[in-house]
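Enquirer: Could you work out the structure for the sequence below:
(one chain, ligands or ions: 1)
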Amino acid sequence: MPLNETGFNEWAGAYDEDIAKSKGYPFEGYYKVLAKVKGMIKMGEQTSILDIGIGTGALTHELYKQNAQIVGLDFSQKMLDLAAEKMPKATFIQHDFSEELPLEIQTQKFDYIVSSYAVHHLEDDAKVIFIKKLQSILSEGGRIIIADISFPDATAQEACKEAAGRSWDHTEYYFVADKMIRLLEQAELSVSYEQISFCAGIYLIH
Ligand SMILES: C[S@@+](CC[C@H](N)C(=O)[O-])C[C@H]1O[C@@H](n2cnc3c(N)ncnc32)[C@H](O)[C@@H]1O
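Expert: Okay, here's the model as predicted:
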């Protein structure tokens, strides 16, 4: 079982510090990944951004400061509380994204839907179904940007797994780019991919 709501509630207070201290797999390249995603967002007057698995708000906090309208979704209330301290005027929804989209956003449209280090909690087929649902709440011309633990191919994932030894997390469903791109294209999604570190990459989807 991947880390659940309780696990993330317990981790929330130490999360930012743990990430800053972490080296190698699984967070190698984390800050570069976040900076890249932020750079992919073209800010307008009232850019609306949905952040899936917002955690402590690391990805969207700076965009909030540039007047983006942020909606943050997470199943961990502790994570949301920490994000809300940084972004008091943002909207937060406590919700498990493995379920249907929450009612509050089913009728909304977002210029960007972003997510960092969260969607690997879903198995590959579920990832695609979820991303299709996200497409339905995207504004005309909008973009979905998913940054996560991701390997170019199965060989690269296997090499990382071997090197990680006992620290490899068997409960998570990491992205493998060649397979994921194929699955997304089969689902009639247009996707481009950039590998950022040996274990992280960014999917730009519309
Ligand atoms: C590794 S953290 C990433 C947080 C943040 N996006 C970042 O880049 O630092 C994963 C986040 O996704 C949330 N999460 C994981 N599975 C979830 C699910 N099924 N529904 C909602 N949130 C989930 C966790 O509570 C946690 O805040």
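Enquirer: Name the residues that touch the top helix by length along the chain?
Expert: Across the chain, the longest stretch assigned as helix under DSSP state H is helix 5-21. With contact meaning Cβ atoms under 8 Å, 6 or more residues apart in numbering, helix 5-21 is reached by 3, 27, 30, 55-56, 58, 74-79, 81-82, 96. Where you see a C-beta, it was placed from the backbone N, CA and C, and this is true even at glycine.
Enquirer: of those residues, closest to the ligand?
Expert: Among the contacts of helix 5-21, G55 lies closest to the ligand (Cβ to the nearest ligand atom), at 2.4 Å.
Enquirer: State the number of residues packed around that closest one.
Expert: Other residues near G55 come to 25 when the count uses other Cβ atoms under 10 Å.
Enquirer: Phi first, then psi, for the closest residue to F175 other than its chain neighbours.
Expert: Using Cβ to Cβ, 6 or more residues apart in numbering and skipping the chain neighbours, the partner closest in space to F175 is S150 (3.6 Å). S150 adopts backbone torsions of phi -160, psi 140, taken as degrees, to the nearest 10.
Enquirer: Which residues are in contact with S150?
Expert: Neighbours of S150 in contact, by Cβ under 8 Å, 6+ apart: 174-177, 180, 193, 195, 199-201, 203.
Enquirer: ok, now with 7 Å
Expert: Applying Cβ atoms under 7 Å, 6 or more residues apart in numbering, one finds that S150 lies in contact with 174-175, 177, 200-201.
Enquirer: Can you go through the contacts of helix 5-21 and name the buried ones?
Expert: Burial by neighbour count, 16 or more other Cβ atoms under 10 Å: within those this picks out 27, 30, 55-56, 58, 74-76, 78-79, 82.
Enquirer: Just give me the neighbour total for the residue nearest to P152 when sequence neighbours are not counted.
Expert: Leaving aside its sequence neighbours, P152 sits nearest to A177 (Cβ to Cβ, 6+ apart; 5.1 Å). A177 is flanked by 19 other residues according to other Cβ under 10 Å.
Enquirer: Counting only strands, which of the buried ones among the contacts of helix 5-21 make the cut?
Expert: Judged by DSSP state E, strands contain the following of the buried ones among the contacts of helix 5-21: D74.
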